[in-house]
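Asker: output the structure for:
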Amino acid sequence: MHKQLHVEIVTPEGPIYTGEVDGLVAPGINGYFGLLPNHAPLIAELGIGDLRLRQGTEWQHYAVAGGMLHIRDGKVTIIGDAVERAADIDIERAEQAAERARERLARRLELEVDPVRAEIALVRALNRLKVAGRP
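Answerer: Predicted structure coming up:
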């Protein structure tokens, strides 16, 4: 019987977090889902959103932009395409990225921009701002 989940978050740049948590909420591609100790084995694709780790009554927030989550025997491994801890998000950089994406979408025909890539860039930037606590 597991009392906590052991969580490891890694990205192509290296490890982001390793530790024990009481539960987590992750952004799946079809919506958010939660994990608690003794969860059944699962492999899930992650979307863009706010990954939340709970320790007691405290929550840690991470901006996630895709990846995979695996849980088995109380161990959760998250392999993220891009993951940033809320406190580490550069708000000015995220605001600039959102503005660039809005501009590219507004001028997509003129600039011959791939609208899907521009929309994803905008959603990622807006998620980073939301996770950092900015509207």
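Asker: so Ile78 makes contact with Ile71?
Answerer: No. Ile78 is beyond contact range of Ile71, at 9.5 Å (criterion: Cβ atoms under 8 Å). The way it works is simple: take the backbone N, C-alpha and C, and place the C-beta from them, glycine included.
Asker: SS state for the spatially most central residue of the chain?
Answerer: Closest to where the C-alpha atoms of the chain average out (Cα atoms, centre = their mean) is Val64, at 1.5 Å. Secondary structure assignment for Val64 (DSSP: H, G, I helix; E, B strand; the rest coil): strand.
Asker: between Ile78 and Ile71, tell me which one has more neighbours.
Answerer: A direct count of neighbours by other Cβ atoms under 10 Å for Ile78 and Ile71 places Ile78 higher, at 25 against 21.
Asker: bridge partners for the closest residue to the more buried one other than its chain neighbours, pull those for me.
Answerer: Excluding the flanking residues, the one nearest Ile78 by Cβ to Cβ, 6 or more residues apart in numbering is Ile9, at 4.5 Å. Judged by DSSP bridges, the bridge partners of Ile9 are Tyr17, Ile78.
Asker: ok, now which ones touch Ile9?
Answerer: Residues near Ile9 by Cβ atoms under 8 Å, 6 or more residues apart in numbering: 15-18, 51, 62, 78, 80, 83.
Asker: now list the buried members of those.
Answerer: Buried members of the contacts of Ile9, scored by 16 or more other Cβ atoms under 10 Å, are 16-17, 51, 62, 78, 80, 83.
Asker: where exactly do the helices run in the chain?
Answerer: With DSSP state H applied, the chain shows helices at 91-106, 108-111, 115-131, listed in chain order.
Asker: no more questions from me, cheers.
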